[in-house]
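Asks: Here's a sequence, model it:
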Amino acid sequence: MNINAYSDFVEISTTALLDCFKLEFRDIPTEIRQCKLNQGYQALARNAGFSGLEAMKAQSSVLLKVNEFLAALESSGVKKHSWSTNEHIAQLLESDVQCTFSQGDLCVAIHDNGEIIETPYYANPSPYSPDITFYVLPVDANGAWLTYDEWYRFILDLRKNLNFDDDIDSQIKDIWNAVNPDHCGELFLSEQPDWNELTHCSEGLFRQRILEHSGHTPLDLLYDYFSSERTS
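Replies: Prediction:
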């Protein structure tokens, strides 16, 4: 199975998060729904580390995993998620794209029918999917980190400019070279958090403190760092 290169964590406004969940919830056939919408909201809030929906609504933005959103949908009646559902939700929540040197090559995928697939993939050691060719994007030892919008603009540029009668690989690399992604393997903190507070606080508050230090470091890396320091 191909592994997508979307970040596990996403920062999203609370209003947008609830709108996204409502959109997906309404796609669940009424006869298989396991709960009402507000109960789904409550599950989503708990998955994001809050005591309940009102506690989450008190925050302007939320840090959560794509799989935590999916878990709330599953408890509402959606069948257990597949890799394709994961990609759909990552796009819905506008997850960042990141690829560290250790994760393998970052790839763009093109179907044999000429469709340029929006999802970014890793190729380590090599992905397999029928009727799809994966083109490796040059990423140096510092890795690559792009916002969802930056990656999507890259895909749009490919769809607009790629000539399938010419060398596809070299064209992709030329378009990619104009992207200039940020590095994703380094941690940048303008100031240290109150580690004593973080040792004893709830998961919801812990994630809010992470958001206060986000902006210069990928969220996945930032969460892992804060978690390791919190328990050390």
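
Asks: Every contact and neighbour count from this point should use C-alpha atoms.
Replies: Will do.

Asks: tell me the SS of the residue sitting furthest away from the middle of the chain?
Replies: Distance from the centre of the chain peaks at residue 165, with 33.4 Å (C-alpha atoms, centre = their mean). Put simply, residue 165 is coil when judged by DSSP: H, G, I helix; E, B strand; the rest coil.

Asks: Please tell me how far it sits from residue 181.
Replies: 28 Å (C-alpha to C-alpha, to the nearest Å).

Asks: And the helices in this protein?
Replies: Secondary structure of the chain by DSSP state H: the helices cover 14-25, 37-47, 53-57, 66-76, 83-92, 148-161, 168-177, 195-200, 203-212, 219-231.

Asks: possible to save those helices as TSV with mean neighbour count, distance to residue 133 and mean pLDDT?
Replies: Below are these laid out as TSV (neighbours: other C-alpha atoms under 10 Å; distance: least, C-alpha to C-alpha, whole Å; pLDDT from 0 to 100):
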stretch	mean neighbour count	distance to residue 133	mean pLDDT
helix 14-25	16	30	97
helix 37-47	20	36	97
helix 53-57	16	42	96
helix 66-76	21	26	94
helix 83-92	16	17	86
helix 148-161	16	15	97
helix 168-177	15	11	96
helix 195-200	14	45	89
helix 203-212	17	37	93
helix 219-231	16	28	91
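
Asks: Distance to residue 123 added to the ones you listed, as CSV?
Replies: Listed next are the helices of the chain as CSV, based on distance: least, C-alpha to C-alpha, whole Å:
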stretch, distance to residue 123
helix 14-25, 30
helix 37-47, 30
helix 53-57, 37
helix 66-76, 21
helix 83-92, 16
helix 148-161, 17
helix 168-177, 15
helix 195-200, 36
helix 203-212, 30
helix 219-231, 20
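
Asks: Out of those helices, which gets nearest to residue 117?
Replies: Nearest to residue 117 among the helices of the chain is helix 148-161 (7.8 Å), distances taken as C-alpha to C-alpha.

Asks: And for residue 181, the neighbour number?
Replies: A count of nearby residues for residue 181, using other C-alpha atoms under 10 Å, gives 18.
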